[in-house]
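A.B. asks: Coordinates only, no sequence provided:
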């Protein structure tokens, strides 16, 4: 009985420790603006000297620039995270503008470190995510609608109109990351062995090469 009790206590302690580190860490001070001059690599970013912090560290003008959607996917996603907005450091969030040209697509992807909520401002958008049991949760959004993409799950969006569509997304990490499904399969460095993809997708090597050449690296 004592052994079982100790084992349970150890397991409970491990679970508390694991859940305690999920998501971005809690800040221990008012703010920790990323120091762009630091060469130290940590899980987050070193803090700028608080006496040198100004209001400009908490302001970003990145989204003033008009989006360009005349590309293959007819979309521009402007993610504002810690890389271009140092004031986000330790705040546990980032933001993105999604601008779609006619029938533009944000292809299936995931954010390993963040859940996401999207707010449609203009147009009509078909959105969805896939659970780990391969169940699709999809919906058509209209201006003013909100939709949540759970953390780490594959999701996508498609403009349903022959006109521009704009949405804003908030993500629960200062550095949410992004894994595009197509690029993860066909544009790795070095390439995944063809035989792996042939068996997985049940196609021959010629088809794999066509798919690889058709997926953009950028």
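C.D. replies: Noted; the coordinates are in hand. Owing to the predicted nature of the structure, the values given are computational and were not obtained by experimental measurement.
A.B. asks: mind listing what the spatially most central residue of the chain touches?
C.D. replies: Compute the mean C-alpha point of the chain, and by C-alpha atoms, centre = their mean the closest residue is residue 111, 3.4 Å away. Contacts were defined as C-beta atoms under 8 Å, 6 or more residues apart in numbering; by that measure residue 111 touches 149, 151-152, 171, 173, 176-179. Where C-beta positions appear, they are placed from N, C-alpha and C, glycine not excepted.
A.B. asks: Is the closest residue to residue 122 other than its chain neighbours inside a helix or a strand, and which specific one?
C.D. replies: Distance criterion C-beta to C-beta, 6 or more residues apart in numbering; nearest residue to residue 122, sequence neighbours excluded, is residue 166 at 4.5 Å. Assessed by DSSP states H and E, residue 166 sits inside strand 165-171.
A.B. asks: And that strand, what does it pack against?
C.D. replies: Using 3 or more C-beta pairs under 8 Å, 6 or more residues apart in numbering; DSSP states H and E, the elements in contact with strand 165-171 are strand 94-100, strand 116-122.
A.B. asks: one step back: mark which of the contacts of residue 111 are part of helices, please.
C.D. replies: Nothing among the contacts of residue 111 maps onto helices, per DSSP state H.
A.B. asks: I figured residue 197 hits residue 187, correct?
C.D. replies: No: taking contacts as C-beta atoms under 8 Å, residue 197 lies outside contact range of residue 187: 12.0 Å.
A.B. asks: The protein: helices as residue ranges?
C.D. replies: Using DSSP H, helices in the chain cover 2-20, 181-186, 194-201, 205-214.
A.B. asks: Just the residues contacting the second one, thanks.
C.D. replies: Applying C-beta under 8 Å, 6+ apart, the set of residues contacting helix 181-186 from outside is 107-110, 154, 192, 197, 208, 211-212, 215-217.
A.B. asks: again with stretch 195-214
C.D. replies: Residues from elsewhere that reach stretch 195-214 (C-beta under 8 Å, 6+ apart): 182, 185-187, 191, 194.
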